[in-house]
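Asker: sharing a sequence plus its predicted fold:
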Amino acid sequence: MTGFIFALVALLCWSGSDLFSKLSTSQQDKFSHWRVIFAVGAIMGIHAVITLIFGAFLDPETTPEFILTVLYTDFKPMDFVYYLPVAFIYLAAMVIGYVGLRYIELSVSSPICNSSGSLAILICAILGWAVLDGLSVAAVVLITAGIIGLGFTEYFEDEQIKAMRQDKSQFKYTRSLIAIIIPVIYLVMDALGTVGDQLIYELELFEMSDYASNTAFEFTSLCFAIFAFIWVKFVKKQNFFRKRGEDTKRSRALVIGGVCETVGQMFYMAVMFSDFKAGMPMISAYCVVSVLWSRIFLKEKLSWKHYLAIFITILGIILLAVAEMLAE
């Protein structure tokens, strides 16, 4: 039951991060992606410091697993160096994903971005680190078909129909190849990050625990936040913090999105450490909830072709997670 609750919290938080990141994005603000990564990095950095403090006196042998997941780390300074290449790839992918939110509906981008596992497992299979069974192959085929279907539907949709279905949405989009390319770039980079994780842990290149790698990731995220602030505030001479009206609402969404991303990461770790094997497929389906939130709160309304492609993609994601669970 505990594992189920952990997975549910991770699912809700990561889908919430999708929603609030979208709400904090402005199509008129070409620096909005830097504001989002600043919020995420600052909050993750705070959590990393907290784990360092508590990790100094928590005993991993006697402390409950949940407390360890939230408050413990055995991070060492060199772990930051070891994990930096992988963390950099993950975070660069996140920045690109946040850029994409300015160009495409969340309902479309979230399933594409969340499909990175299919490419990662293909790369690992090519490198000999994984064996693809029939279920995994079927999942990869479904995901690929879904993404291609989304791309064709989005790009070739009639402009008048697109404008009509976006009438009640707070975001307006025009046909753009970049709208599909950006989440696909995220997919590729996130998959490369996953392969990097495999390289570290499967080949045992470094003696680094999952706790330490998560803290290293959070400190790298903090570095991204510092860069984002310096870039926007001092290089581009822009006001970084918004103060009124819609800007205030977006700033609030930034903070909530950053908290959701951090808490989601913590509970994802909790599921990894638990014996709840159905947790991974459950979390992998968080883009289903993201699509639901986008329909309810963002008033996004897609065509039946979009929803068919999204369903195929999500089905593939869930099947892939199930295949990985059965393989363990």
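Answerer: All right, it came through fine. Numbers count the residues shown, from 1 in each chain.

Asker: where are the low-confidence patches of the stretch 101-250 of the chain?
Answerer: 158-176, 242-247 (pLDDT under 70).

Asker: let me see the ranges of the helices in the stretch 201-328 of the chain.
Answerer: Using DSSP state H, counting those that start in this stretch, the helices of the stretch 201-328 of the chain run over 210-230, 246-273, 279-284, 286-296, 304-327.

Asker: would you single out the least confident of the ones you listed?
Answerer: Comparing mean pLDDT across the helices of the stretch 201-328 of the chain, the weakest is helix 279-284, with a mean of 78.

Asker: and it, what does it pack against?
Answerer: helix 2-23, helix 246-273, helix 304-327 (3 or more C-beta pairs under 8 Å, 6 or more residues apart in numbering; DSSP states H and E). C-beta here means a position set from N, CA and C on the backbone, and glycine is covered the same way.

Asker: kindly reformat these as TSV containing mean neighbour count and distance to Leu298.
Answerer: TSV is the format used below for the helices and strands packed on helix 279-284 (neighbours: other C-beta atoms under 10 Å; distance: least, C-beta to C-beta, whole Å):
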stretch	mean neighbour count	distance to Leu298
helix 2-23	22	6
helix 246-273	20	12
helix 304-327	19	14
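
Asker: rebuild these as TSV, extending it with distance to Val49.
Answerer: Shown next, in TSV, are these (distance: least, C-beta to C-beta, whole Å):
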stretch	distance to Val49
helix 2-23	20
helix 246-273	12
helix 304-327	32
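
Asker: of all those helices, which one is nearest Leu68?
Answerer: Among the helices and strands packed on helix 279-284, the nearest to Leu68 by C-beta to C-beta is helix 246-273 (7.7 Å).

Asker: Provide a list of residues in contact with Val289.
Answerer: With contact taken as C-beta atoms under 8 Å, 6 or more residues apart in numbering, Val289 is in contact with Leu11, Leu12, Ser15.

Asker: tell me the one of those residues nearest Val271?
Answerer: Proximity of the contacts of Val289 to Val271 (C-beta to C-beta) peaks at Leu11, which lies at 9.7 Å.

Asker: for the closest one, what are its contacts?
Answerer: Leu11 neighbours (C-beta under 8 Å, 6+ apart): Met282, Ile283, Ala285, Tyr286, Val289.

Asker: now the third one: closest residue in space that isn't a chain neighbour?
Answerer: Spatial nearest neighbour of Ala285, chain neighbours left out: Ile318 (5.4 Å); criterion: C-beta to C-beta, 6 or more residues apart in numbering.
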